[in-house]
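Participant: coordinates only, sequence not included:
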């Protein structure tokens, strides 16, 4: 059946290779019965005739023998040895670094006498057959991902000669996702081949239009000499793809914006406490974030040194560690510096700026000025495809982490004992003191809480940014902007401000460039503060300045 | 209504006297002599005088109007860029690409024509007012928006920082036409005087000292006049001043623009003396460092600003050469120590000891009112 359908095939200029492909595929389709009937799929692979050998390669590939891939690799690398003399069950050897193994079983064997064996020669024709066979191996592999990858590769090559192979694979495919890619590959190959009825072609165009990505678009664009109706269908398919891609691009921008917003939210949540609730201008806030990132680095090092088994879960230990380290540092700073400066925000700004310089230089002296290598666990790498979107897993985790941190912070302030005290002190310091709350302790703990959250943000940022002494500086201005836009002392405002800033940034970026986007955001902020000095959600009340 | 006090002649005498003395020791003594002042000291002195001009500008707004600016480096750098543009045009055909009109960096990025905003900068008489007008224009627009909508306190500080940060990002771009990352350098001469000659360096240093003295007199006059009294009232109780019938925003805007002009002139003098201007001059860190000069010397004393700028920079050059690792610790520690223990700076310390009248620094008394005033600053 295979060869017959190839009667009208237009052969491409690289004739021999194409012919070979046809031959191999035809064999592929024609042979199975015969090949399976044979006891040993390895028989022909060591044949002295290149034709027989190539056929043997194909037969081995479709035999389903678990050793097929290994043996084909060995053959390609010139490590396959055959018995020199005729005998009923000719042995096959693979030469490895540690001696010879039986090609059929993989068991080590005693080294045969060199006079009795010969290396199996690999001609160009056989090499080409191996290549196609290996692609085909994947197409019939057990692993869905491998099948999908093979189908995707066939789609990208959109080689008309692979058409029958795709058809065969399609017939046996169980996984709907792989079947879809195979259909697309089939459509691409069919349209490229210039054969097929008009109805088939129209169906193929529909398949490609449904795929709706850059590759299918460029493929459709490259098609020529199509019947009028097909050409019209192609044109409308391209227009449809353009429209879809625009929509996906929009969704992508929103996603990137939210992802950036989550990073900003993490960096700004701590500031929403120290600046928003306490009114302390902490210019060393970025350095608290940096402290968290360096804590992550140290924790990973310790785990690698003492219990490598926990390697994948280093971050889970780093989060509380960073909270404790940065929080303790925050309490220390509050007790030794900030508490002398309450009510003098401008002085606080200057003193904490000086503190940030000291912390940066301290880290630089201790760890060196270069970036530290913080690893990402396996469960945070990779990406998820969602329609036309590619969502990187680590960004998804960071979004989730940001939401969790904000939620935990809100819950602490709302229901926690410390949160109640914090709110009491913020609302009426003297009344709170009269009720027995030790306000200086609460001040220190509040500042520690904000700093600790900044430290946790550092754990997340260590996954997407360089861990260097300057890490915090990149976020300090943005964090202040977020808190100011959202309205001081308002965590919901901080959330909205962060997402807003992230999305605006990402929407301006494509047509203005990253730098101009930054400038534009700053200008917008300046105008925004002019209009609404209290932020998006100003505190209501009769607060008059003196 | 200008009334001279003791500090004014002392300051003017110190600045002008030291400058003339250095110049004389440089030009009139033989090089082998013990009292000869080497050339690098002259250029260093010139640089520090420019820093002192910037510090004076900051003290004018921070010490007397209560506007903590974290972006005054922007005005300084803009003045510097205007001077840089003049100096670039002055190079003429002597550049590497020998283009009679276009500066080297424009030839390098393939521009064929001089952008419109570069026109006229080949004349000194045009560039000179530009060095003041460009910073003044930016200050006016920014201040008009900021003060009219009553942005003050920490918010204003953060926006000034955002302003200089945005300008830095903008000037880093090549297509802005200001030399991008590398800025402008390789200047040849200024109004005909070659920049590599000693006498030019000495002359520029003397001019810097003269300008600093003039700026000091102007600032002193402003702050001691009726205008200055209202300004101090605005600083200490803005709403109360408003209720008395003044318009605080007008007073703030005026002093803000004057301060920007002074900073711009400082930057313009700075560029020919260091021989380069690039976007890093806009870095927020520079502006904040300039604020600490003022804090060290004594906020709200004008003379303290000059003293602080020179002292801190002397310390910087000594530390960065002797113990480079320590510099950031030192400047960071200085920020903390000065704000905690020396709120009136060195001049304040000196005045306290000599029993002189309390300097005109804002009342920073901590205590019961602290939390309330924090709330006020935030609400404002």
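Facilitator: Great, that's in hand. Because the structure is predicted, anything quoted here is derived from the model rather than measured. Numbers count the residues shown, from 1 in each chain, chains lettered A, B, ... in the order given.
Participant: Every contact and neighbour count from this point should use C-alpha atoms.
Facilitator: Will do.
Participant: ok, which stretches of the stretch 101-250 of chain A are strands?
Facilitator: A:108-109, A:117-119 (DSSP state E, counting those that start in this stretch).
Participant: Enumerate residues external to the longest one that contact any of its residues.
Facilitator: By Cα atoms under 8 Å, 6 or more residues apart in numbering or on different chains, the list of residues contacting strand A:117-119 from outside reads A:78, A:79, A:80, A:81, A:82, A:83, A:84.
Participant: which residue is nearest the centroid of chain B?
Facilitator: In chain B, the centroid-proximal residue (Cα atoms, centre = their mean) is residue B:54; its distance is 1.5 Å.
Participant: Report whether the expected contact of that residue with residue B:263 is present.
Facilitator: Yes. Counting by Cα atoms under 8 Å, residue B:54 touches residue B:263, with 4.8 Å between them.
Participant: who touches both of these two?
Facilitator: Listed as contacting both residue B:54 and residue B:263 by Cα under 8 Å, 6+ apart are B:72, B:73, B:76.
Participant: burial count for the residue of chain A found nearest chain B?
Facilitator: Among the residues of chain A, residue A:354 lies closest to chain B, at 3.6 Å counting by Cα to the nearest Cα. As a burial measure, residue A:354 scores 27 neighbours (other Cα atoms under 10 Å in any protein chain shown).
Participant: Not counting its neighbours along the chain, what's nearest it?
Facilitator: residue B:332 (3.6 Å; Cα to Cα, 6 or more residues apart in numbering or on different chains).
Participant: Which SSE is immediately downstream of the helix or strand containing the one you found?
Facilitator: In the assignment (DSSP states H and E), residue B:332 maps to helix B:326-341. Next along the chain after helix B:326-341, taking DSSP H and E as the criterion, comes helix B:345-353.
Participant: what packs against the strand or helix carrying residue B:77?
Facilitator: Using DSSP H and E, residue B:77 sits in helix B:72-91. Contacts defined by 3 or more Cα pairs under 8 Å, 6 or more residues apart in numbering or on different chains; DSSP states H and E place helix B:72-91 against helix B:39-65, helix B:124-148, helix B:153-172, strand B:184-185, strand B:189-190, helix B:248-274, strand B:276-277, helix B:284-297.
Participant: which residues touch the fifth one?
Facilitator: Read that as strand B:189-190. Contacts for strand B:189-190 (Cα under 8 Å, 6+ apart): B:87, B:90, B:91, B:195, B:196, B:272.
Participant: Quick one, which of the contacts of strand A:117-119 are buried?
Facilitator: Taking 16 or more other Cα atoms under 10 Å in any protein chain shown as the criterion, what is buried in those is A:79, A:80, A:81, A:82, A:83.
Participant: can you count the residues close to residue B:108?
Facilitator: Neighbour tally, residue B:108, other Cα under 10 Å: 12.
Participant: Okay, it and chain A: tell me how far apart.
Facilitator: For residue B:108, the distance to chain A equals 22 Å [Cα to the nearest Cα, to the nearest Å].
Participant: Distance-wise, check that residue relative to residue B:94.
Facilitator: Separation of residue B:108 from residue B:94 (Cα to Cα, to the nearest Å): 15 Å.
Participant: Next: residue B:248.
Facilitator: Separation of residue B:248 from residue B:94 (Cα to Cα): 51 Å.
Participant: And residue A:529, by the same measure?
Facilitator: Between residue A:529 and residue B:94 the computed distance is 48 Å (Cα to Cα).
Participant: Among the helices and strands packed on helix B:72-91, which comes closest to residue A:304?
Facilitator: Checking the helices and strands packed on helix B:72-91 against residue A:304 by Cα to Cα gives helix B:284-297 as the closest, at 37.7 Å.
Participant: Run through the neighbouring helices and strands of that closest one.
Facilitator: Where contact means 3+ Cα pairs under 8 Å, 6+ apart, helix B:284-297 is packed against helix B:39-65, helix B:72-91, helix B:153-172, helix B:303-322, helix B:326-341, helix B:345-353.
Participant: Direction-wise, compare the shortest one with helix B:284-297 and give the angle.
Facilitator: Pointing back at helix B:345-353 there. Relative orientation of helix B:345-353 versus helix B:284-297 (axes from the mean of the first three to the mean of the last three Cα atoms, to 10 degrees): 10 degrees.
Participant: Using neighbour counts, pick out the buried residues of helix B:345-353.
Facilitator: Using 16+ other Cα under 10 Å as the test for burial, helix B:345-353 gives B:345, B:346, B:347, B:348.
Participant: quick one: is that helix near chain A?
Facilitator: No. Against chain A, helix B:345-353 shows no contacts by Cα under 8 Å from any Cα of the partner chain, the least distance being 12.7 Å.
Participant: Please state the offset of that helix from the chain centre?
Facilitator: 23 Å (Cα atoms, centre = their mean, to the nearest Å).
Participant: Could you name the helices and strands sitting against it?
Facilitator: helix B:284-297, helix B:303-322.
Participant: and if we set it to 10 Å?
Facilitator: Using 3 or more Cα pairs under 10 Å, 6 or more residues apart in numbering or on different chains; DSSP states H and E, the elements in contact with helix B:345-353 are helix B:284-297, helix B:303-322, helix B:326-341.
Participant: Next, the angle from that helix to helix B:303-322.
Facilitator: Orientation check (the same axes, to 10 degrees): helix B:345-353 against helix B:303-322 gives 130 degrees.
Participant: now helix B:345-353: mean pLDDT?
Facilitator: For helix B:345-353, mean pLDDT is 77.
Participant: quick one on the thing from earlier: tell me the one of the shared contacts of residue B:54 and residue B:263 nearest residue B:237?
Facilitator: Within those, the smallest distance to residue B:237 is 23.8 Å, found for residue B:72 (Cα to Cα).
Participant: pLDDT score for the closest residue to that closest one other than its chain neighbours?
Facilitator: Distance criterion Cα to Cα, 6+ apart; nearest residue to residue B:72, sequence neighbours excluded, is residue B:287 at 5.7 Å. Note on residue B:287: pLDDT of 92.
Participant: same deal with residue B:246?
Facilitator: Residue B:246 is assigned a pLDDT of 93 by the prediction.
Participant: how about it, secondary structure?
Facilitator: Here residue B:246 is recorded as coil under DSSP: H, G, I helix; E, B strand; the rest coil.
Participant: my read: it touches residue B:230, true?
Facilitator: Yes. Using Cα atoms under 10 Å, residue B:246 is in contact with residue B:230, at 8.2 Å.
Participant: Who has more neighbours out of the two?
Facilitator: Remark: of residue B:246 and residue B:230, residue B:230 carries more neighbours, 21 against 16, as counted by other Cα under 10 Å.
Participant: Check which helices and strands the helix or strand that contains the more buried one is in contact with.
Facilitator: When elements are assigned from DSSP H and E, residue B:230 belongs to helix B:226-236. Secondary-structure packing of helix B:226-236 (3+ Cα pairs under 10 Å, 6+ apart): helix B:39-65, helix B:198-224, helix B:238-243, helix B:248-274.
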